[in-house]
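K.L.:
Below is the sequence, then the predicted model.
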Amino acid sequence: MNNISYINDKETITATSECEIDLANEKHLEIPWKVFIGWKLEDGTEIPAKVFLKSGDVLKAHYIDFDKSDFFVKEAQIKDGESPALRFIIEKNKAFYDKLPNSNEFGALILPTDKTWGRSMYLDSPIVAEWAWDEETKLNFTVKSSNGNTPLNVVCKNVFENCDNSLSYTVCVTNIDKKLYKTFYTVRGYIKYVDLNGISKVFYSDYYQASLYNTALDCTNKNGTAGEIVKYCETILKDEYLAENYDNRVNLSGYEDTADKNPNHAMYALKNGIKVREVVIDTGKAHSQPVEIVHFADTHLNFINEKDLEEGEINTLSTYRGRKWQRDGHSVENISRVMEYASFFDQTVITGDIMDYFSWGCGEIMKKMIIDRDRDAILVVGNHEPAELMQEDLPGLSYKYSLDERYQRIQSLWADGQNLFYHSKILKNKTGEDMAMLVALDNQRDKYWGIKQAIPFAADIEKARALDIPVLIFQHDPVCTNNPQDAKATFFYEPGDVGGLPPEEWFTNMMDDRFTGYDPSDFETMMVYDLIAKNYDIIKGVFCGHWHNHMYTEIVGKNLDGSFAVDENGNYKVIPQYIVTANAYKCGSLIKITVK
């Protein structure tokens, strides 16, 4: 901070006149791979927390080096016993611990992951739900509310392993009910120390998340307890979950007992509130087992974390202050609910607007609540992920970063091995049979990216033809259908699933310039669009979000010469397009796709 008596640039504090400073209130620069240990006078003299300075005195921030291997959660293990326990092992480097001034306690924080809401855990602090700020300066963010959960502090008492250079200790979750074998827990190590100025500090390790089930899956030997856990979760637990929720389901549309009887609008609500549409793709072949895919979109995670506050980007802070929707964390609870459902099936695909805007906080929640819980989940970028500004509370702001720079950051937060522009996967069933080619395309600008998508896409189509499997496309934005019946494509949902749109406006024109592929002069987009339309025989579905409405439309296929494809009766040959509403509404919505 700057004061009339001194200037703090976070690396040095320079007195401009005689003054007394309380260092407990002063901020220091956070430097990657360094740990702050206190302030000293420029000549190296140590000083107390409350120090009297003369004009011209200079204090310098001091640090020690830190490497990830100095303090980290090493792994999770299954601990055998009367009932299996989940044991997390934390390791600290002895030399690093000794470098911290006056280090006096170490341990671990732990909380079920759902209760963290994907936020960071801190000692003796409840999980932050929402921030407040000084209305006059628009800065000085403080905790406005918590989600009511405080992590358990487990002080180290028992040493797991004591080596020459390191010491390991554990935190265990015991007496885990069988119904909670899939419950994830988040663990973070901590070390208490007193800095050079006599101020109490806490240093934290990175977090680690695991469940009994995913730990068992990682075990090479599944003959013992690990095998029993996997078998229970994939049979009995799945059956119990589905029975409890499906036996109590309520039909909402698309059935004989509902007002809307269009089978393409079939949707029901489970006991836990999730709304489900089912799509069945019959390959016509005899497979030993089908595969089931859970598709949802538009989770709109709205948060800024401590890194955002430290960086103080004006666009990010202004967007957080102005963007009220989902700021209270409601959408995180929907993710927990839908991710639990998806965990019982073969593949999860989320088609964009996972993050509500371009912030580290949104990315942190995405990683903890989605990517870490389902390492195989396919993510598709939407138009919100790269959005620096959205309903910002300050006028006249403009974007700071280029789209390339924003994409580079988003890629760093994304699922491992998945390219933002194009990603594909051959989905196999449990007996190893190839069942479907899944293709994730970035069209968040209502445009495709030309060659960088067309070349791998064409190769994957040919691969799918060789394997005789269907292609399923997942992207954020729907495409222009070129289908006259979609000039007034209808929405269907329960009131409350979207933001107050009256029923007389439950439709849109899928043939206008708001949809990918409308403009035939957009050469890069048409390269990819035509690959879709001209392969209507093998592409069995396009699955999207973005519109915050449920819709079913049909994309008209094309012949190789570009003319529209028709059958012997003059009917268009089409590709079904399924648009799912935002998962952020009510209790969540999804499409369950079965390929058999």
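P.N.:
Structure received. Residues are numbered from 1 along each chain as shown.

K.L.:
Contacts only, for residue 413.
P.N.:
Contact partners of residue 413, counting by C-beta atoms under 8 Å, 6 or more residues apart in numbering, are 363, 366, 367. The C-beta positions use only the backbone N, C-alpha and C, and glycine is treated the same way.

K.L.:
State the phi and psi torsions of it.
P.N.:
Main-chain dihedrals, residue 413, degrees, to the nearest 10: phi -90, psi -10.

K.L.:
per-residue confidence for residue 488?
P.N.:
On the pLDDT scale, residue 488 is placed at 83.

K.L.:
hang on, isn't it packed against residue 511?
P.N.:
No - look at residue 488 against residue 511 with C-beta atoms under 8 Å: they stay out of range, at 9.8 Å.

K.L.:
Could you list which residues are in contact with the residue nearest to residue 103 when sequence neighbours are not counted?
P.N.:
The spatially closest residue to residue 103, leaving aside those adjacent along the chain, is residue 193, at 4.3 Å (C-beta to C-beta, 6 or more residues apart in numbering). Residues near residue 193 by C-beta under 8 Å, 6+ apart: 37, 100, 101, 102, 103, 104, 200, 201, 202, 203.

K.L.:
cool, and residue 183?
P.N.:
112, 113, 114, 176, 211, 212.

K.L.:
sorry, back to before: as CSV, the contacts of residue 413 with distance to residue 138 and secondary structure would be great.
P.N.:
CSV is the format used below for these (distance: C-beta to C-beta, whole Å; DSSP: H, G, I helix; E, B strand; the rest coil):
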residue, distance to residue 138, secondary structure
363, 23, helix
366, 26, helix
367, 28, helix
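
K.L.:
now those as a markdown table including neighbour count?
P.N.:
Listed next are the contacts of residue 413 as a markdown table, based on neighbours: other C-beta atoms under 10 Å:
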| residue | neighbour count |
| --- | --- |
| 363 | 25 |
| 366 | 25 |
| 367 | 17 |
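
K.L.:
sec struct for residue 95, please.
P.N.:
Using DSSP: H, G, I helix; E, B strand; the rest coil, the structure places residue 95 in helix.

K.L.:
Quick check: closest non-adjacent residue to it.
P.N.:
Closest to residue 95 by C-beta to C-beta, 6+ apart is residue 165, at 7.0 Å.

K.L.:
Can you report how many residues neighbour that neighbour?
P.N.:
8 (other C-beta atoms under 10 Å).

K.L.:
beta partners for the nearest residue to residue 483 once chain neighbours are set aside?
P.N.:
Closest residue in space to residue 483, ignoring its immediate chain neighbours: residue 556 at 5.0 Å, by C-beta to C-beta, 6+ apart. Judged by DSSP bridges, the bridge partners of residue 556 are residue 574.

K.L.:
hang on, isn't residue 556 packed against residue 565?
P.N.:
Yes - here residue 556 reaches residue 565: they are 7.3 Å apart, a contact under C-beta under 8 Å.

K.L.:
Mind listing the shared neighbours of the two?
P.N.:
572, 573.

K.L.:
So if I had to pick from the two, which one is more boxed in?
P.N.:
residue 556 (21 against 17).

K.L.:
Run through the strands of the stretch 1-150 of the chain in chain order.
P.N.:
Along the stretch 1-150 of the chain, counting by DSSP state E, counting those that start in this stretch, strands occupy 6-8, 12-15, 19-22, 34-41, 50-53, 58-65, 71-79, 85-93, 105-112, 128-132, 142-146.

K.L.:
got CSV for the ones you listed, with mean neighbour count too?
P.N.:
Listed next are these as CSV, based on neighbours: other C-beta under 10 Å:
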stretch, mean neighbour count
strand 6-8, 19
strand 12-15, 18
strand 19-22, 15
strand 34-41, 19
strand 50-53, 16
strand 58-65, 16
strand 71-79, 19
strand 85-93, 21
strand 105-112, 20
strand 128-132, 18
strand 142-146, 13
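
K.L.:
that older thread, any idea whether the residue nearest to residue 103 is helix, strand or coil?
P.N.:
Applying three-state DSSP: residue 193 is strand.

K.L.:
and what of residue 460?
P.N.:
With three-state DSSP as the criterion, residue 460 reads helix.

K.L.:
re earlier: what's the farthest-apart pair in the contacts of residue 193?
P.N.:
37 and 104 (14.1 Å; C-beta to C-beta).

K.L.:
Pull the number of nearby residues for the nearest residue to residue 314 once chain neighbours are set aside.
P.N.:
Once flanking residues are discounted, residue 314 sits nearest to residue 397: 6.6 Å by C-beta to C-beta, 6+ apart. Residue 397 has 14 neighbouring residues, counting by other C-beta under 10 Å.

K.L.:
how near is residue 360 to residue 320?
P.N.:
Distance of residue 360 to residue 320, computed by C-beta to C-beta, to the nearest Å: 11 Å.

K.L.:
Which of those two has more residues huddled nearby?
P.N.:
Each of residue 360 and residue 320 has its neighbours counted (other C-beta under 10 Å); residue 320 has more, 28 against 19.

K.L.:
what sits against residue 277?
P.N.:
With C-beta under 8 Å, 6+ apart, residue 277 has these contacts: 266, 267, 550, 578, 580, 589, 590, 591, 592.

K.L.:
Now do the same for it: its pLDDT.
P.N.:
Residue 277 is assigned a predicted lDDT (pLDDT) of 96.

K.L.:
Not counting its own residues, what contacts stretch 37-52?
P.N.:
Outside stretch 37-52, the residues touching it (C-beta under 8 Å, 6+ apart) are 13, 18-24, 26, 28, 57-64, 100-101, 193, 195-199.

K.L.:
do stretch 388-406 as well
P.N.:
Counting by C-beta under 8 Å, 6+ apart, 138, 313-316, 318-319, 321-324, 356-358, 384-386, 409 sit against stretch 388-406.
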